[in-house]
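Participant: could you work out the structure for the sequence below:
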Amino acid sequence: MPTTSQSVEETRARLASVGQEHLLRFVDELSEPQRAGLLAQIDALPLDELPRLIDTYVRAAAEPEPIGDVTPPSYYPYDAGERGHIWDRDAYTKRGEDLIRAGKIATFTVAGGQGSRLGHDGPKGTYKLGAITGKPLFQFFAEIVKASSDRYDVAIPWYIMTSPLNHEDTIAFFEANGFWGLPRGDVMFFPQGVMPSLDAQTGRILLTDKHMVATNPDGHGGSLRALIERGAIDDMKRRGVEHFCYHQVDNAHCMTIDPAFIGLHAAAPDSSAEISSKMLPKAEPKEKVGLFTKEHARIKVIEYSDLPDEIAEQTEPDGTLRFRCGSIAIHQFSVAFVEKLWNDPGFELPYHRAIKKVPHVDLETGQRVEPENANAVKLERFVFDALPRAERSIIYETDRVLEFAPVKNATGVDSAESARLLQTERSARWLEAAGVTVPRKPDGAPDCVIEISPLTALDAGQLAQRDDLPGSIEPGAELSL
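Facilitator: Have a look, this model is predicted:
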């Protein structure tokens, strides 16, 4: 076994070969545990890949690929029959339910973020969002998994991708809450990979402390690699799982087990059952969601920050947006598709470049620097870049109130505040569909606060079957079902 000094010198030689030997500038000042930790961090870095990445994304500041000749894609409308696209919702729902009952379905939550933008100290999934109960985001999804497992009499495994920053805290949170009644063996946690944060001027990897490399999660596109390398795909295969729903932890309304979507993904004639996506009609041309387009018969997503105005603002004769399919980061993957990508030696998701402020240690003084302006290049991959690799990928429209309540900001648009209002609005619609009178304000908003647990009902139809609903709700009331 090599000594620490031998390990330091071997690491120094590796770093020198790629111009990053400064990472050991303070190694002689470190305690033995700090030194060992730093060496482990460096060992995990993609050092062989660094020179190419620095040349491409720092020195050359690579621009996004040209948009190309894109057209609007077709999609399955939420109201089966809209725009002449008729499909049999009941038949595809039954197909999805059959797959769930057969144990062929799992769910996958990307939960590597922290709640700092929400003023929350901890993993974003631990943020309390229930309009009345204050339940955390993780509990929303745990209750969907449990209710679906009970409804279809099957164990539905749940895979949760954390980050090195919040992995242990996430597991501890689940332990403290008893996994909300889920069998612990059916919930698998694993951290995503990281990329080094690079100085935007020099391409040097930054140090956040004398013993700590500055890194950032490798993006939601890194989830495909993590699923393979951390053993999640092998676990799915062992269980007989064939498809899984991908979603992000900050969308409290995501229907992670959606029979109609599963059925379309698996059985629609224009689907290869590899990767399918949900969309919402964009609220306005500059809405901050990705845009589904079609190029050379393949579906692709253009990130909103890369979307040219001349595409975003095109309209149909009736005034609606021509390019209207907004991506809300909900996909259905097949296990076989992820394996196919992994086994293709020529496949690699592209990196996307972001310029961010990253605190770091001054290499001359050893003092911590809090930059006033963006100083670092962060590289990440996006999961939707896998879409063009599918032979035939389909898009399914969902309802904005039903399934899009993102929590990205403390207040305003896509905030905790707006998500709680959407909880009440969705609950109100379900109750009204069941014949319950819900008070509404002059502007149409519910004049009450309502929260319906997935353990009570997974959808409006299931809620309508209950015989314990109130006949009406009083103005100003709070109702938790």
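Participant: which residues in the stretch 201-350 of the chain form helices?
Facilitator: 222-229, 232-239, 259-267, 309-312, 335-343 (DSSP state H, counting those that start in this stretch).
Participant: distance from the third one to the middle of the chain?
Facilitator: Between the mean C-alpha point of helix 259-267 and the mean C-alpha point of its chain there is a distance of 20 Å (CA atoms, centre = their mean, to the nearest Å).
Participant: ditto for the shortest one
Facilitator: Averaged C-alpha coordinates place helix 309-312 at 26 Å from its chain's average position (CA atoms, centre = their mean).
Participant: buried set for it?
Facilitator: Within helix 309-312, the residues that count as buried by 16 or more other CB atoms under 10 Å are 311-312. Heads up, the C-betas are built off the backbone N, CA and C, glycines and all.
Participant: and if you look at the last one?
Facilitator: Within helix 335-343, the residues that qualify as buried are 335, 337-338, 341, counting by 16+ other CB under 10 Å.
Participant: swap in the second one?
Facilitator: Residues 232-233, 235-236 are the ones in helix 232-239 that count as buried (16+ other CB under 10 Å).
Participant: count the residues that sit near G219.
Facilitator: 23 (other CB atoms under 10 Å).
Participant: give me the neighbour count for the nearest residue to it once chain neighbours are set aside.
Facilitator: Counting by CB to CB, 6 or more residues apart in numbering, G219 lies nearest to E380, which is 2.8 Å off, once chain neighbours are set aside. Using other CB under 10 Å, E380 has 18 other residues around it.
Participant: what is the host helix or strand of E380 packed up against?
Facilitator: E380 is part of strand 376-381, with elements assigned from DSSP states H and E. Applying 3 or more CB pairs under 8 Å, 6 or more residues apart in numbering; DSSP states H and E, one finds that strand 376-381 contacts strand 194-196, strand 198-199, strand 215-217, strand 351-356.
Participant: ok, and what's touching the third one?
Facilitator: Just to be clear, that refers to strand 215-217. Applying CB atoms under 8 Å, 6 or more residues apart in numbering, the external contacts of strand 215-217 come out as 41, 112-113, 163-165, 192-197, 356, 378-380.
Participant: what mean pLDDT does stretch 140-160 get?
Facilitator: For stretch 140-160, mean pLDDT is 98.
Participant: so how far is that stretch from its chain's centroid?
Facilitator: For stretch 140-160 - counting by CA atoms, centre = their mean - the centre lies 18 Å from the chain centre.
Participant: buried residues, that stretch. List them.
Facilitator: 140-149, 151-152, 156-160.
Participant: send the alpha carbons of that stretch over as PDB?
Facilitator: As requested, C-alpha coordinates have been extracted for stretch 140-160 and formatted as PDB (Å, rounded to 0.1, in the frame of the first residue of the first chain):
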ATOM      1  CA  PHE A 140     -45.700  14.400  -1.800                       C
ATOM      2  CA  PHE A 141     -43.900  11.800  -3.900                       C
ATOM      3  CA  ALA A 142     -43.700   9.100  -1.200                       C
ATOM      4  CA  GLU A 143     -47.500   9.300  -0.800                       C
ATOM      5  CA  ILE A 144     -47.900   8.900  -4.600                       C
ATOM      6  CA  VAL A 145     -45.700   5.800  -4.600                       C
ATOM      7  CA  LYS A 146     -47.500   4.300  -1.600                       C
ATOM      8  CA  ALA A 147     -51.000   5.100  -2.900                       C
ATOM      9  CA  SER A 148     -50.200   3.700  -6.300                       C
ATOM     10  CA  SER A 149     -48.600   0.600  -4.700                       C
ATOM     11  CA  ASP A 150     -51.800   0.000  -2.700                       C
ATOM     12  CA  ARG A 151     -54.100   0.800  -5.600                       C
ATOM     13  CA  TYR A 152     -52.400  -1.700  -7.900                       C
ATOM     14  CA  ASP A 153     -51.300  -4.200  -5.300                       C
ATOM     15  CA  VAL A 154     -47.600  -4.100  -6.300                       C
ATOM     16  CA  ALA A 155     -44.300  -2.900  -4.900                       C
ATOM     17  CA  ILE A 156     -43.200   0.200  -6.900                       C
ATOM     18  CA  PRO A 157     -39.500   0.900  -6.400                       C
ATOM     19  CA  TRP A 158     -38.400   4.500  -6.000                       C
ATOM     20  CA  TYR A 159     -34.900   5.600  -7.100                       C
ATOM     21  CA  ILE A 160     -33.600   9.000  -5.700                       C
END
